[in-house]
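>>> Prediction below, plus the sequence it came from.
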Amino acid sequence: MSEKNNEVEFLVMGVDVSKDTLDVCIVPDFERMQVSNDAEGHVLIIEKVRKLGVKLIVLEATGGYEMALVLVLSEKELPVTVINPRRIRKFADAIGITAKTDAIDAKVIAEFGRMVRPEIRSLPPADIRLFSQLVARRRQLQEMHGMEQNRLACSIGEVRCTLEKHLRFLERGLEKIEKQINDEIKRTPLWKQKSDNLDAVKGVGPVLVSTFLAELPELGTLNKKQIAALVGVAPYNVYQARDGYIYILGLTDAQANEVMKVIGREDFITPDKYGSPYTRWRNREEIDTMIGAWTQSRTKQEIYDEMALRDVPCSPVLDVEEVWNDEDLIQRGMIAEIDQPGIGKVKVLNSPIKLPSPVGPIKPAPLLGQHNQEIYETLLGLTPNETYELKEASVI
């Protein structure tokens, strides 16, 4: 069979996902359909895929609305992959498509799949997904318990009674979920072996063991460099603002959650997408896309004010002019002003190292030829007469 015929037979389904509907386009024939985003609609898509022999199903990540369909397709062992929206938009711009209707989006997603052939990424097995949710739920219960414990310290009367009752409820929930986590570890021989190995490490307790098993299932199958590459921080990037760039870091769970709240995407704060540093790192491209879309419409100062109000580490990226005129840098002595012969007063960077005794004043740059005579006499050993003769002969 010819390569051309092989290309024609490679059918790709692009699915544009919304909360209630799924818009579908199949290329190269551009067959379209729209179904509901529920069990009935998912069945219709599966039937269409099997009937036509679709080789690849491409979905755009939409903050979780795609997950139900992805789970169903994965369970049926159908070739599905989820793509960052930013990659789809860049692809659309590259081929000259700028409209933003649902029908065109589905077509663009399908064309992206046909031309790029993205790698099919299977979901973690059901037992790992369940275990991850149990560990994430334990973290949520612990956070709630801590908050209620803090409120208890300054409460009286009926309020104190309700807090004590809720704390006992949370403690029972924690005991129950701890038992479920331990039972899951014991039930799976591989997890039990990993658990025993981790538990033998000094300073590693049961909570950290279960967290490693849930959030780093690759542990034991990759080398230390590969594991280190998986464990990153998200959100953590430099994002484009309306007037430049700004750095944002969500280091802790609380800070990361505040970032999503600020940009109006609390719907994304779910255990499977955003519940832990590992899941956030796995979804960092989608997270960066959402944050970037929000920052582009605001100035650096507006972004900084909103993030700082919620204790999120954030810093504008200064251009050269902003650095020279930054009051904080000037007051800390990082920027110095000197008299430069032939120019006048200029600003220069001072030494960032602060020592007990002053390093000394910054000197202006030497003028062209300012130290020539010193070089002739001290390094070359020329007498004034010899120097004069060489100048007259235009040697120096």
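Alright, I've got the coordinates.

>>> Domain map for the protein?
3-116, 126-230, 236-315, 318-365, 369-396 (automatic domain parsing).

>>> Make TSV from those and add mean pLDDT to it.
Below are the domains of the chain laid out as TSV (pLDDT from 0 to 100):
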stretch	mean pLDDT
domain 3-116	82
domain 126-230	78
domain 236-315	88
domain 318-365	80
domain 369-396	87
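
>>> Just send the ones you listed back as CSV, with mean neighbour count too.
Where you see a C-beta, it was placed from the backbone N, CA and C, and this is true even at glycine. Formatted as CSV, those follow (neighbours: other Cβ atoms under 10 Å):
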stretch, mean neighbour count
domain 3-116, 17
domain 126-230, 14
domain 236-315, 18
domain 318-365, 11
domain 369-396, 11
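
>>> Need the single longest helix in this structure, by residues.
helix 157-187 (DSSP state H).

>>> Can you show me the strands along the stretch 201-350 of the chain?
236-241, 244-249, 314-317, 335-340, 344-349 (DSSP state E, counting those that start in this stretch).

>>> Turn those into JSON lines, including distance to T270.
Below are these laid out as JSON lines (distance: least, Cβ to Cβ, whole Å):
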{"stretch": "strand 236-241", "distance to T270": "20"}
{"stretch": "strand 244-249", "distance to T270": "21"}
{"stretch": "strand 314-317", "distance to T270": "24"}
{"stretch": "strand 335-340", "distance to T270": "46"}
{"stretch": "strand 344-349", "distance to T270": "46"}
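
>>> which stretch among those comes nearest K194?
strand 236-241 (27.8 Å; Cβ to Cβ).

>>> Within its sheet, name the partner strands of the closest one and how each one runs.
Note on strand 236-241: by DSSP bridges, its sheet partners are strand 244-249 (antiparallel).

>>> hey, C-alpha coordinates of the partner strand in PDB?
Below are the C-alpha coordinates for strand 244-249, written out as PDB (Å, rounded to 0.1, in the frame of the first residue of the first chain):
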ATOM      1  CA  GLY A 244       6.700  43.600  30.500                       C
ATOM      2  CA  TYR A 245       7.200  40.400  32.400                       C
ATOM      3  CA  ILE A 246       6.600  39.200  36.000                       C
ATOM      4  CA  TYR A 247       7.800  36.200  38.000                       C
ATOM      5  CA  ILE A 248       5.200  34.200  40.000                       C
ATOM      6  CA  LEU A 249       5.900  31.300  42.400                       C
END
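
>>> Check the offset of that strand from the chain's centre.
13 Å (Cα atoms, centre = their mean, to the nearest Å).

>>> same question, stretch 109-123
Taking mean C-alpha positions (Cα atoms, centre = their mean), stretch 109-123 and its chain are 22 Å apart.

>>> For D272, find the nearest of the strands of the stretch 201-350 of the chain.
So among the strands of the stretch 201-350 of the chain, strand 236-241 is nearest, using Cβ to Cβ, at 20.1 Å.

>>> Extract the CA atoms of the closest one and return them as CSV.
In CSV, the C-alpha atoms belonging to strand 236-241 read as follows (Å, rounded to 0.1, in the frame of the first residue of the first chain):
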residue,chain,number,x,y,z
TYR,A,236,6.7,28.8,38.8
ASN,A,237,7.5,30.9,35.7
VAL,A,238,8.0,34.3,34.2
TYR,A,239,4.7,35.5,32.6
GLN,A,240,4.1,38.2,30.1
ALA,A,241,2.2,41.2,31.5
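
>>> residues making contact with that strand?
245-251, 284, 288, 291-292, 295-296, 298-300, 303, 316-317 (Cβ atoms under 8 Å, 6 or more residues apart in numbering).

>>> And N385, which helix or strand is it part of?
In the assignment (DSSP states H and E), N385 maps to helix 384-392.

>>> D196 now?
Secondary structure assignment for D196, by DSSP H and E: helix 189-199.

>>> Can you tell me which helices and strands that helix packs against?
helix 157-187, helix 206-215 (3 or more Cβ pairs under 8 Å, 6 or more residues apart in numbering; DSSP states H and E).

>>> how about G14, secondary structure?
Under DSSP: H, G, I helix; E, B strand; the rest coil, the three-state class of G14 is strand.

>>> Can you classify the closest residue to it other than its chain neighbours by secondary structure?
Excluding its sequence neighbours, the residue lying closest to G14 (Cβ to Cβ, 6 or more residues apart in numbering) is A110, at 2.9 Å. Following three-state DSSP, A110 is assigned to helix.

>>> need the contact list for A110.
Listed by Cβ under 8 Å, 6+ apart, the contact partners of A110 are 12-14, 25-27, 58.

>>> and if you look at G264?
Taking Cβ under 8 Å, 6+ apart, one finds W294 in contact with G264.

>>> Does L390 touch L380 like I think?
No: counting by Cβ atoms under 8 Å, L390 does not reach L380; the two are 9.9 Å apart.

>>> circling back: quick one, the helix holding D196 and helix 206-215 angle?
Counting by axes from the mean of the first three to the mean of the last three Cα atoms, to 10 degrees, helix 189-199 points 140 degrees away from the direction of helix 206-215.

>>> quick check: angle from helix 189-199 to helix 157-187?
Going by the same axes, to 10 degrees, helix 189-199 makes 110 degrees with helix 157-187.

>>> give me the element V35 is part of.
strand 31-36.

>>> Within its sheet, name the partner strands of that strand and how each one runs.
So strand 31-36, judged by DSSP bridges, has these partners: strand 21-27 (antiparallel).

>>> Any idea how far stretch 13-33 is from the middle of the chain?
Stretch 13-33 sits 28 Å away from the centroid of its parent chain (Cα atoms, centre = their mean).
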